[in-house]
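Q: Following is a predicted model, sequence given first.
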Amino acid sequence: MLKSKSSGVRITTDAITEDIYQRIQETIQNIRIYTKEEYTMRILIYGAGVIGSFYASRFAKAGLDVTVLARGQRLKELQGHGLWYRGKTRTHKVEVKTISELKPDDRYQFIFLTVRENQVEKALEDISKNKSPNVVTMINTIKPYGRWEKICGKGRIIPAFPGAGGCIEGGILDAQLLPRAIQPTTFGEIGGRKSSREEALAYIFRKSHIPYQIVPEMHHWQISHLGVIIPLADAYYQSRHPEKICANEKLMTLTAYRMKKNLKWIAQKGMLCPAKLYMIKDMPTGMLAGVLSRVYQSEFGNRFLYRHAMHAPEEFQRLHQEFYNYMKTHTKESNKA
């Protein structure tokens, strides 16, 4: 019981609203979960494509409690044969629990959303009916996260981006982590605040031997990422021989010019991150063209850039349009101001 010095009004716990009380209890519960080293937390992977399957395999291998939500043929593969993935010398199998629908009373400490962007809102509507507190959105997007929060609830979303890539062939996952220096798994709270769940997420990645980085502003990071990756993908689609793109000096120069132009605009808006992108922005165009040529002909270029671009042209075309529309809109707004 509290007593106000100015008014003498007594305030009891009855004056605390039920909503605030429940929020306090949930916070206490989450802190209790996050600070235990044994981490008996349950994890749901919502989406069993390449990214979802990759993180599920890593988490399961690390001994975490993982469930995968899958549908259609992929669900049959996982239920009938388990999750198979290709290693350096042979294929391996991990056992994961599977579900085909998320029930309202299912409780997970983290839901990793690993669907395509055009499926995100429908998936979030499904997740909104469930009370699991944390939704990690591993989605390639330029859109702010406000609309997503309106769908599934404010404070639930942790924006993230995967640090892996590959494919699924014959039901077998063939994927790898990207080099840490290029792109570790990236995440951060909306608004850049620090939180216990951010530390819990970092623990999951450490336990699973997945390199990661926490950034203060994920929206800026994703814009910067698109400023680099879109010119790289566009070059494939402009070439008659995308598998030999590294030999096209004119296209390498054009790609370098486009990338530098994007990064310069993003920097002018105060959004460019991480800091290493300033080096690319300021690199002479001819020098950057030479670097890009080597990237395209590398194993990294073939495994992650070429495969992804060839398998998802519609996704990249949509991102291309959204990115340059974003630039155009915000340039007009700046000119008006």
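A: It's in. Numbering: from 1, shown residues only.
Q: Please tell me how far Pro144 sits from Arg258.
A: Pro144 sits 24 Å away from Arg258, going by Cβ to Cβ, to the nearest Å. The C-beta positions use only the backbone N, C-alpha and C, and glycine is treated the same way.
Q: same thing with His225?
A: Counting by Cβ to Cβ, the gap from His225 to Arg258 is 15 Å.
Q: go on, Ile230?
A: 8 Å.
Q: Same question for Gly153.
A: Distance, Gly153 to Arg258, by Cβ to Cβ: 39 Å.
Q: Kindly report the same for Met252.
A: 11 Å.
Q: quick one: which of those two has more around it?
A: When Met252 and Arg258 are compared for neighbours, Met252 comes out ahead with 24 against 16, by other Cβ atoms under 10 Å.
Q: Correct me if wrong, but that one is in a helix.
A: Yes. Secondary structure assignment places Met252 in a helix (DSSP: H, G, I helix; E, B strand; the rest coil).
Q: isn't it right next to Leu292, touching?
A: Yes. With contact defined as Cβ atoms under 8 Å, Met252 reaches Leu292; the gap is 5.3 Å.
Q: Can you give the domain ranges for this protein?
A: Following automatic domain parsing, the chain resolves into domains at 13-216, 220-336.
Q: Lowest average pLDDT across those domains?
A: In terms of average pLDDT, domain 13-216 trails the rest of the domains of the chain, at a mean of 88.
Q: From the chain's centroid, how far away is that one?
A: Distance, stretch centre to chain centre, for domain 13-216: 9 Å (Cα atoms, centre = their mean, to the nearest Å).
Q: Quick check: end-to-end length of stretch 88-105?
A: Chord length of stretch 88-105, first to last residue, is 40 Å (Cα to Cα, to the nearest Å).
Q: Start at 6, not 1
A: OK, 6 is where the count begins now, so the last one is stretch 93-110.
Q: I'd like to check what contacts that stretch. Which residues are they?
A: Residues outside stretch 93-110 that contact it (Cβ atoms under 8 Å, 6 or more residues apart in numbering): 49, 51, 61-62, 65-66, 71-76, 80, 83-84, 86-91, 111, 131-132, 134-136, 177.
Q: So which bits of it are buried?
A: For stretch 93-110, a neighbour-count test (16 or more other Cβ atoms under 10 Å) marks 99, 101, 103, 107 as buried.
Q: Would you confirm that Phe328 contacts Thr146?
A: No. With contacts defined as Cβ under 8 Å, Phe328 does not count as touching Thr146, sitting 10.3 Å away.
Q: ok, back up a step: out of the buried residues of stretch 93-110, name the ones that lie in strands.
A: Secondary structure from DSSP state E places 99, 103 of these in strands.
Q: ranges for the helices of the protein?
A: Counting by DSSP state H, the chain has these helices, from start to end: 23-40, 55-66, 77-86, 125-133, 151-157, 201-212, 223-243, 254-273, 282-287, 290-302, 304-305, 312-316, 318-341.
Q: hey, which of those is tucked in deepest?
A: Across the helices of the chain, the average number of neighbours (mean count of other Cβ atoms under 10 Å) peaks for helix 55-66, which reaches a mean of 24.
Q: I'd like to know which elements that one is packed against.
A: Helices and strands touching helix 55-66, by 3 or more Cβ pairs under 8 Å, 6 or more residues apart in numbering; DSSP states H and E, are strand 47-51, strand 70-74, strand 88-91, strand 96-99, strand 169-174, strand 177-182.
Q: so what strands line up beside the fourth one?
A: Right, strand 96-99. strand 88-91 (antiparallel) (DSSP bridges).
Q: do the same with the first one
A: Here strand 47-51 has these sheet partners by DSSP bridges: strand 70-74 (parallel), strand 115-118 (parallel).
Q: Run the angle between it and helix 201-212 for me.
A: What separates the directions of strand 47-51 and helix 201-212 is an angle of 80 degrees, with axes from the mean of the first three to the mean of the last three Cα atoms, to 10 degrees.
Q: Ok, the fifth one next?
A: The directions of strand 169-174 and helix 201-212 differ by 60 degrees, with the same axes, to 10 degrees as the criterion.
Q: can you redo the buried residues of stretch 93-110 as CSV with distance to Ala205?
A: What follows is the buried residues of stretch 93-110, written out as CSV (distance: Cβ to Cβ, whole Å):
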residue, distance to Ala205
Val99, 22
Val101, 20
Thr103, 24
Leu107, 21
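Q: Out of the buried residues of stretch 93-110, which is nearest to Gln302?
A: Taking Cβ to Cβ as the measure, Gln302 lies nearest Val99 of the buried residues of stretch 93-110, at 33.4 Å.
Q: Can you name the residues bridging to that closest one?
A: Under the criterion used (DSSP bridges), Val99 bridges to Leu88.
Q: Excluding sequence neighbours, find me the nearest residue to Asp111.
A: Nearest residue to Asp111, sequence neighbours excluded (Cβ to Cβ, 6 or more residues apart in numbering): Asn135, at 6.0 Å.
Q: Hmm, Leu118 and that neighbour touching each other?
A: No. Taking contacts as Cβ under 8 Å, Asn135 lies outside contact range of Leu118: 11.9 Å.
Q: Thanks a lot, catch you later.
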